[in-house]
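> predicted structure and sequence below. I'll ask about it afterward.
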Amino acid sequence: MPNHTPPVKMPVLFVGHGSPMNAIESNAFTRALEKLGRDLPRPRAICVVSAHWVTHGSQVLAAEWPRTIHDFYGFPKPLYEVQYPAPGAPEEAKRLAFEHHLAADQKWGLDHGAWSVLRHMYPEANVPVFQVSLDQTRTFAEHVALGRELQKMRERGILILGSGNLVHNLQKMNWELPHEAYPWATEFDLLVKGAIEQRDMEKLAEPGLWGPKLLAEAHPTLEHYAPILYCISATDADDRATYPYEGIEFGSVSMRTVLFQPATSHPE
């Protein structure tokens with residue numbers, strides 16, 4: 001008799017991806033990603049919401065074999081030689097596009113918000129991957145609404161992966177502070193953490209409520225913040241947040257990684 005066991009309901013993961021150099025380095029952060037790849041249930045596919053795919057109108061990547069995009073400049077040559085040849089998930093992407101009125105895209109690929117993380121979690125590049133873009137015309141409340149619509153993919157064995165940073169101010173990075181934080185960076189990071197744990201969607205969807213000046217320091221632009229909205233809105237009341245990795249680098253980049261899943265299934 002064939003095995004018709006339904007897929008395991010997948011957790012939701014937000015990763016503070018930090019520098020593209022993490023893609024080719026071995027450090028505490030990348031080792032945490034490797035452990036997640038070993039410990040989490042194996043997904044049928046991965047849906048990435050990355051800070052690095054910003055569009056006019058919501059799009060979903062439906063390519064059969066997404067290209068590896070090196071969307072950065074000024075880094076060492078070995079970083080540009082990295083390829084992550086994971087297959088796409090065109091059927092899932094097209095289903096998502098049809099059900100939620102998104103545009104199916106064939107031209108994008110896997111940007112470094114996706115592959116710099118996934119090459120540590122799934123180094124064999126053998127799990128299908130597709131991306132959903134950040135529509136710059138949406139309000140934060142509308143990003144939350146789309147995140148809720150993504151939630152049902154978890155029942156089909158799809159891992160929802162948000163890739164951004166809870167604090168991201170490259171203009172104020174200080175290379176002399178590799179593992180230290182400015183006070184305002186710590187403040188904003190902890191405010192977001194508290195709102196996540198309280199499931200305070202009002203504050204998360206309106207981070208300016210914590211103070212416009214504080215928000216402007218933490219995020220001069222908001223694309224690295226938006227993926228956390230997709231992650232938490234794809235959770236439900238049974239999910240709890242844990243932190244496989246925490247820390248702020250160079251004063252102004254939060255590396256906090258957040259795993260959402262039922263309390264009974266947290267990996268050790």
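Good, I have the coordinates. Residues are numbered from 1 along each chain as shown.
> C-alpha only now, for contacts and for neighbours.
Noted.
> shaky segments in the stretch 1-150 of the chain?
Across the stretch 1-150 of the chain, the stretches falling below the confidence threshold (pLDDT under 70) are 1-6.
> for it, which segments count as helices?
Assigned by DSSP state H, counting those that start in this stretch, the stretch 1-150 of the chain shows helices spanning 28-39, 77-80, 90-100, 112-121, 140-150.
> and for the last one, what's in contact with it?
In other words, helix 140-150. For helix 140-150, the external contacting residues (C-alpha atoms under 8 Å, 6 or more residues apart in numbering) are 100, 205-206, 226, 229-235.
> give me that answer again for 10 Å
47, 49, 58, 96, 99-100, 132, 134-139, 158, 160, 201-202, 204-207, 222, 225-236 (C-alpha atoms under 10 Å, 6 or more residues apart in numbering).
> what number of residues lie near residue 180?
Using other C-alpha atoms under 10 Å as the criterion, residue 180 is surrounded by 18 other residues.
> still on that earlier bit, give me the buried entries from the contacts of helix 140-150.
For the contacts of helix 140-150, a burial check counting by 16 or more other C-alpha atoms under 10 Å picks out 47, 49, 58, 96, 132, 134-136, 158, 160, 201, 204-205, 207, 222, 225-235.
> those residues in strands, which ones?
Helix and strand membership here follows DSSP state E; of the buried ones among the contacts of helix 140-150, those in strands are 47, 49, 132, 134-135, 158, 160.
> of all the residues you listed, which comes closest to residue 34?
Taking C-alpha to C-alpha as the measure, residue 160 is the one of those closest to residue 34, at 17.0 Å.
> let me see the contact set for that closest one.
Taking C-alpha under 10 Å, 6+ apart as the test, what residue 160 contacts is 10-14, 43, 45-49, 131, 147, 150-151, 153-154, 230-231, 234-235.
> likewise for residue 187?
By C-alpha under 10 Å, 6+ apart, the contact list for residue 187 reads 167, 181, 193, 210, 214, 218.
> over to residue 103?
Residues touching residue 103, when contacts are defined by C-alpha under 10 Å, 6+ apart, comprise 57-62, 93-94, 96-97, 132-133.
> turn those into CSV, columns for distance to residue 261.
As requested, the contacts of residue 103 are arranged in CSV below (distance: C-alpha to C-alpha, whole Å):
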residue, distance to residue 261
57, 30
58, 26
59, 26
60, 24
61, 26
62, 27
93, 23
94, 26
96, 22
97, 26
132, 21
133, 24
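> still on that earlier bit, I'd like the ones in strands among the buried ones among the contacts of helix 140-150 as TSV, with distance to residue 115 appended.
Compiled in TSV, these are given as follows (distance: C-alpha to C-alpha, whole Å):
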residue	distance to residue 115
47	12
49	12
132	14
134	17
135	20
158	17
160	14
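> what about residue 183, neighbour count?
Residues contacting residue 183 under the criterion other C-alpha under 10 Å number 11.
> and it, how close does it get to residue 115?
Remark: distance between residue 183 and residue 115 (C-alpha to C-alpha, to the nearest Å) = 31 Å.
> and if you look at residue 194?
Here residue 194 is placed at a distance of 29 Å from residue 115 (C-alpha to C-alpha).
> before we move on, back to that, which of the contacts of residue 187 has the most neighbours?
Highest count within the contacts of residue 187 by other C-alpha under 10 Å belongs to residue 167, 31 neighbours.
> could I get the pLDDT score of that one?
In this model, residue 167 is scored at 98, pLDDT.
> my read: it touches residue 253, true?
Yes - counting by C-alpha atoms under 10 Å, residue 167 touches residue 253, with 5.2 Å between them.
> which residues are in contact with each of these two?
With C-alpha under 10 Å, 6+ apart as the test, residue 167 and residue 253 both reach 16, 18, 185-186, 189, 218-219.
> compare those residues and tell me which is most surrounded.
Comparing the shared contacts of residue 167 and residue 253 by number of neighbours (other C-alpha under 10 Å), residue 16 comes first, having 29 neighbours.
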